Structures are given as structure tokens and as C-alpha cells.
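**Student:** Based on what follows, work out the 3D shape:
(2 chains)
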Number of protein chains: 2
Amino acid sequence: MSIAEQIIAGDVRATARLLRDIDDQIPSAREILKDLYLHTGRAYIVGFTGPPGVGKSTLVDQIAFRYRKDGLTVGILAVDPTSPFTGGAILGDRIRMQRHFLDSGVFIRSLATRGHFGGLTRSTNDMINVLDAMGKNVILVETVGVGQDEVEIANSAHTTVLVTIPGMGDEVQALKAGTMEIGNIFVVNKADREGSRKTVRELRTLIELGIRRREEAGWEPVIVETEALKGRGVEDLYQSIQNHKEYLLGDREHLKEALRKSARSQLVEALKDQALRSILQRLEDRGMSLDVMVQKIMNKEVDPYSMVEEVIASALRS
Amino acid sequence: MSIAEQIIAGDVRATARLLRDIDDQIPSAREILKDLYLHTGRAYIVGFTGPPGVGKSTLVDQIAFRYRKDGLTVGILAVDPTSPFTGGAILGDRIRMQRHFLDSGVFIRSLATRGHFGGLTRSTNDMINVLDAMGKNVILVETVGVGQDEVEIANSAHTTVLVTIPGMGDEVQALKAGTMEIGNIFVVNKADREGSRKTVRELRTLIELGIRRREEAGWEPVIVETEALKGRGVEDLYQSIQNHKEYLLGDREHLKEALRKSARSQLVEALKDQALRSILQRLEDRGMSLDVMVQKIMNKEVDPYSMVEEVIASALRS
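**Tutor:** Here you go, the predicted structure:
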């Protein structure tokens, strides 16, 4: 059996090995990804995003447990921000999820993305494809932070859950600008804390003000209050995800558009990544290194703008 | 006078126009950036980063005011996360900074970064160069969130201030993995809130545990408690920034290494960005569009991995 066939058959060790190779950005992984691609497109993908400290992992854990009750298999990808210094992520709060480790219906993986040149979004997309091809019914993707990466990863999810906590509202402006648009469902976690109702009201106002561009004409973003640690609100959140899924399946045109957007964003990411790699490789083959280029810029022999133009012009076919 | 000369002479309108062009990713801006580059390298750059809601804008505002008391001119760049949907950032809490608007020694600009293909880091670097060439003595860069963008923007700063608030410690793990390494100074803002001392203790433990890789052998990261709205702790923060600056200037080798890292990261970002643009342009010239490629992938006529290889191979010189 080829590695791809092993993965499609649900082999955990073959899957783990491929995911590690993707994380390490080993080129041979791409050949297997090619073979797996035809087997993707069946999983339902739910993204959980929001700043650190809001309890995303615990929510993901609870929702995974809920899907298991339905008899569905679950893949979990926890995407930590790239740490170019330590070369890896700290797994601390993943430990809470240990109860799933004995359940073969759940596959958990934490991304470290060691590359110095980004590639976080691309690795995540690749890993989603692997878990999809492996046959997981539901894939839960947890992303930390607010930024371009999160917006791009959200493009790959069918349903995006934005998580916040009470008392983060002082500068909701910042949150709004970045992520309000990508949320289908909003969660106010740690809802036992002071100010929870106020945060819910603020979110509702923002949604009503239409700051979120209404791409989804028939879907009114839902706000759910949870206390993930106690399991409170988890059933509501689960139902909201199911409702959004039904909404998506009921509007074929919209779903197709969402899939197109996701495919487009994945393609752009991969192109960017691969273009950089290929150009740097070519430079190296010609005895020119990034370090030499950097030195020239530091010496002010050349400005970086002209340098980039020159490198691109010499690397691309005219 | 050329536009570059006007900017070097400190012309506010010419500068504002160029920054807008950079934000709109208008290609002609690059020619001006080339001319400005020789005039960069004089400003001191301080980055402020951390999740939304922690009061970064208020801190930046106070620190700008403090630098003005020293008679130094200040440039402020507020980087909001890219919002590909609304096409812009909401400026809400910038209003607090209005007192600077009548002060010609302060130049404030908020980045929207409208591009669909990222470019946030690149635009920020370009804008830092412009304010530097314009003659601002100090440039304060405020970034929202935790993620790859922030790590890359931090590479451009001489001093990076990581801002948090009490009670965000439940999942400090997440924060650690992404940003602990980039902070030279840690601020616990809203220090009047419950749990401030606990957060300080946690940060100190993390620093001592050496999770932050000690690239700066002689610099022990400092933790400062502030209440930015009342101005409390601002003088401490200011002094800490000055101390870190003196430390940097006292260790030429380390400073050079930091500048090299920054130049390298800027070059990589620009290469990636420009490579994608050029490749897409070439495809378009040959009547091939991203949309057609996406359609083929959606139809499963081809997998995205093979598609990327094919496009890169046909665009690059062999």
C-alpha cells in the first residue's frame, strides 16, 4: 500500500508522519498530498479563532466530545503562532485534551510551523486536506490571535467561531477591524465573569450596524455565551454550528462561492510560498545568497526595492 | 523639488500622499522609496504589540507625548489587521490621540492594508522607511494581535514592548509560544485591576525559565506596570525604552546583528510579495487567470499542488 493509500485507510502512524513532514516543510510530502487531494472535500471544517487566554482549546475540546456523542470522527488542528526563535510551540494547555488520546475517533495535532518564511496558512491548509482524506468527519481548527493568518485560515473553514471573553471590549474597534467579518458565530466565553451581558450587547450592536459585510444574506450571526470549563453553553454552540451548516447546505450557490474563495486563497498562499522557495533556490544555484544581498543593502550599495526588482527580473522568464 | 526631496525636507502633504499610495499598493510608490532609502537609518523604532483591548494606543499616545517633552519628533504607525472585506480599518480609538494633531512634531498614520494578498508587513516596513527619511527621530509602531505578522514587524523595531493586562494569564502558553521571544520590555497595563501582581510574577517566571531565548546576553527583559489612561508608569516605561536603547548602542555587534536580521526579514517579505505579483501578471498576460485555475481545482481536474508546480515552472527561467 502506498503512503497515500495507508492514510486514506485511516492509518494513524502514516498520517502522523505526513503531518510532521508538512510541519517540517519536507518537499516529498507534496507528492503524497497530490495523491490525497482527490479524496478531500468530505469533512466539515470549523475554525475557532480569537486572542490568547479566551479559552479556545477548552471549547474545542468540548465540541469534539459533543461530535463524538453523535458518532462522528474528529480531527483537531491547534495552530500556534510561528515561533522563529524557539522553533516550536509549547503544548501546555493541549494536555487538557488528554481524555481524547485513548479515543481512536479523535486525531489531535499541534502545528509548530518552524519555517522562517511563514507558510503557516499553507501548512494548515495541507493538514486539513490530510485529515479530510483520512476520513475524519469533522475538523476543528484552533488559531491563536488576530491577523492576516487568521483571516486566511478562516477562508478554509465552513463555519468560523470567533471567541472572546467579557472585559475585552475597551478597544473592540481593533477586534472589529480584523475579524468581525469572518465570524459566523460569536462566543462570549467565561460568561460567569462581570461584564458578559455588556460584551454580548456590544457584539450585537456591531453585528446590527452591519460592520460585518453581509456576504451571507440568509445568515444572522449568532452570539453564544459559554463557560467552557463547566460545559455550560456548549450544547448551544454545537446547535449553532449545526444550524450554520444546514444554512450553508441549503444555499448551494453560496456554498459554492465559499468553496471557491477557499480554493483561491489556498492557491495564492501556495504560489507565494513556492515562488519564494524557487527563487531563493535559483539564487543559491548561481552562487548568490540572501546573506550577500542583505549585506549589500546594509552597506547601502543598493536599496532593497531595486534589489527585489533585479532578483525577480532575473529569476522570471521574460 | 522631487517628491522624495519634499519628503526629506519634512513636507507633511507629500509624505501623507506617499503613505496612502503605499497602503493602496500603487506601484509608482516604489520609485520614491528607492530615492528615500539612502536617507533612512537614523530613526529609533519602538514596536508596541499585544492582543486587542490591552490599551496599546493609549500607551503609544503617552510615550509620544513624553518624547515630545524631550524635543524629539515622533512618527506613529498604527497597524490594524488586514480587513479584506471592509477594505479598511476603523479608526475609533485613534481619536484619543487628537491632542497630537495640532503638534507638527508628531505624524500619525493608521494602516489599512487593503491588499487581498497580505503585504501588511511589507507596507509597514515601507512606511517606517518613509517616516525615517522624513526625519522623525522616533517611530512608534502599534500592532494588533499575535502572529506571524507581529513577529515580522518586531524584526523592524529596535525595541519591542509587549503589552498585556491582568487576567489574560489563563492560557499564557499561547502568548508565550508566539511572542515571549520578541519582547525586550513587558508592560502589564490596567495594573489597577485585580491580578496585576500575579501577572507580573507569571511573566517573571517565564522570563527566568528562559523560554525567551537569550539572544541579548546583556539585557534582562524588564516588566513595567502601567495605568496608561492615568499616565501611571509611563515614565518607567520611557526609562526602560531608553535603557534598552543604551544597551543596544553599547553593543555594536549585537546592534549590527539586529539590523541585519531586520534587513533580511524585509527583503524576504518584499521578494515573496513581488514574486506573487509578477507571476500573476505573467499568467494574466498569457490569458490565464487565477479564476480559471481555481475552477480547475474545484472541478478536481487537477490538484492544487501540481497546479502550483506547473505555474512556477512555467513562470521561472529554467
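**Student:** any chance you could map the strands in chain A?
**Tutor:** A:44-50, A:74-79, A:106-111, A:138-144, A:159-164, A:185-188, A:222-225 (DSSP state E).
**Student:** if we look at the first one, which residues are touching it?
**Tutor:** Residues from elsewhere that reach strand A:44-50, judged by Cβ atoms under 8 Å, 6 or more residues apart in numbering or on different chains: A:56, A:59-60, A:63, A:128, A:132, A:137-146, A:150, A:153-154, A:156-164, A:179, A:182, A:241, A:245. Yep, even glycine has a C-beta here, placed from its N, CA and C like the rest.
**Student:** make it 7 Å
**Tutor:** Contact with strand A:44-50 is made by A:56, A:59-60, A:128, A:137-143, A:150, A:153-154, A:156-164, A:179, A:241, A:245, as judged by Cβ atoms under 7 Å, 6 or more residues apart in numbering or on different chains.
**Student:** any chance of the strands of chain A in TSV, plus mean neighbour count and mean pLDDT?
**Tutor:** Below are the strands of chain A laid out as TSV (neighbours: other Cβ atoms under 10 Å in any protein chain shown; pLDDT from 0 to 100):
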stretch	mean neighbour count	mean pLDDT
strand A:44-50	25	90
strand A:74-79	26	88
strand A:106-111	21	79
strand A:138-144	27	88
strand A:159-164	26	90
strand A:185-188	26	93
strand A:222-225	20	95
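**Student:** Compare the ones you listed and give me the one nearest A:Ala14.
**Tutor:** Of all the strands of chain A, strand A:106-111 sits nearest to A:Ala14, with 11.9 Å by Cβ to Cβ.
**Student:** and the closest one, which strands flank it?
**Tutor:** strand A:74-79 (parallel) (DSSP bridges).
**Student:** Could you check how far the partner strand is from the centre of its chain?
**Tutor:** In terms of Cα atoms, centre = their mean, to the nearest Å, the centre of strand A:74-79 is set 9 Å apart from its chain centre.
**Student:** Residues in contact with it: which ones?
**Tutor:** So strand A:74-79 is in contact with A:57, A:60, A:64, A:67-68, A:94, A:105-111, A:120, A:124, A:127-128, A:131, A:136, A:138-144, A:153, going by Cβ under 7 Å, 6+ apart.
**Student:** Next, the angle from that strand to strand A:44-50.
**Tutor:** 30 degrees (axes from the mean of the first three to the mean of the last three Cα atoms, to 10 degrees).
**Student:** Please put the alpha-carbon coordinates of strand A:74-79 into PDB.
**Tutor:** Output of strand A:74-79 as PDB, limited to C-alpha atoms (Å, rounded to 0.1, in the frame of the first residue of the first chain):
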ATOM      1  CA  VAL A  74     -13.000  14.400  14.700                       C
ATOM      2  CA  GLY A  75      -9.600  15.900  13.700                       C
ATOM      3  CA  ILE A  76      -8.200  18.700  15.700                       C
ATOM      4  CA  LEU A  77      -5.500  21.100  14.500                       C
ATOM      5  CA  ALA A  78      -4.200  23.600  17.000                       C
ATOM      6  CA  VAL A  79      -2.300  26.300  15.200                       C
END
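**Student:** Make TSV from the strands of chain A and add distance to B:Ser314 to it.
**Tutor:** Listed next are the strands of chain A as TSV, based on distance: least, Cβ to Cβ, whole Å:
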stretch	distance to B:Ser314
strand A:44-50	31
strand A:74-79	32
strand A:106-111	31
strand A:138-144	32
strand A:159-164	35
strand A:185-188	42
strand A:222-225	46
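**Student:** Flag the shaky bits of chain A, pLDDT-wise.
**Tutor:** When residues are selected by pLDDT under 70, those of chain A lie in A:52, A:80-102, A:112-120, A:144-152, A:168-180, A:209-217, A:318.
**Student:** contacting residues for A:Asp192?
**Tutor:** A:Glu227.
**Student:** Helices of chain A, residue ranges please.
**Tutor:** Secondary structure of chain A (DSSP state H): helices located at A:3-8, A:12-23, A:29-37, A:56-69, A:120-133, A:148-156, A:172-179, A:196-208, A:234-250, A:252-285, A:290-298, A:304-315.
**Student:** Would you mind putting those into TSV with distance to chain B and mean neighbour count alongside?
**Tutor:** Shown next, in TSV, are these (distance: least, Cβ to the nearest Cβ, whole Å; neighbours: other Cβ atoms under 10 Å in any protein chain shown):
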stretch	distance to chain B	mean neighbour count
helix A:3-8	11	20
helix A:12-23	11	19
helix A:29-37	4	20
helix A:56-69	7	21
helix A:120-133	6	25
helix A:148-156	5	25
helix A:172-179	3	25
helix A:196-208	10	16
helix A:234-250	16	17
helix A:252-285	4	18
helix A:290-298	5	16
helix A:304-315	5	18
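**Student:** right, and these - which one's nearest B:Asp285?
**Tutor:** That would be helix A:304-315 among these, by Cβ to Cβ, at 14.9 Å.
**Student:** List phi and psi for A:Asp192.
**Tutor:** Note on A:Asp192: backbone dihedrals following degrees, to the nearest 10 are phi -80, psi -10.
**Student:** before we move on, the earlier item: closest one to A:Glu284 among the strands of chain A?
**Tutor:** Closest to A:Glu284 of the strands of chain A is strand A:106-111 (Cβ to Cβ; 27.0 Å).
**Student:** What angle do helix A:56-69 and the closest one make with each other?
**Tutor:** Using the same axes, to 10 degrees: strand A:106-111 against helix A:56-69 is 160 degrees.
**Student:** Can you give the distance of stretch A:227-242 from its chain's centre?
**Tutor:** How far stretch A:227-242 lies from its chain's middle: 21 Å, per Cα atoms, centre = their mean.
**Student:** Name the residues that touch it?
**Tutor:** Counting by Cβ under 7 Å, 6+ apart, A:46, A:55, A:58-59, A:62-63, A:66, A:159, A:185, A:187, A:189-192, A:222, A:224-226 sit against stretch A:227-242.
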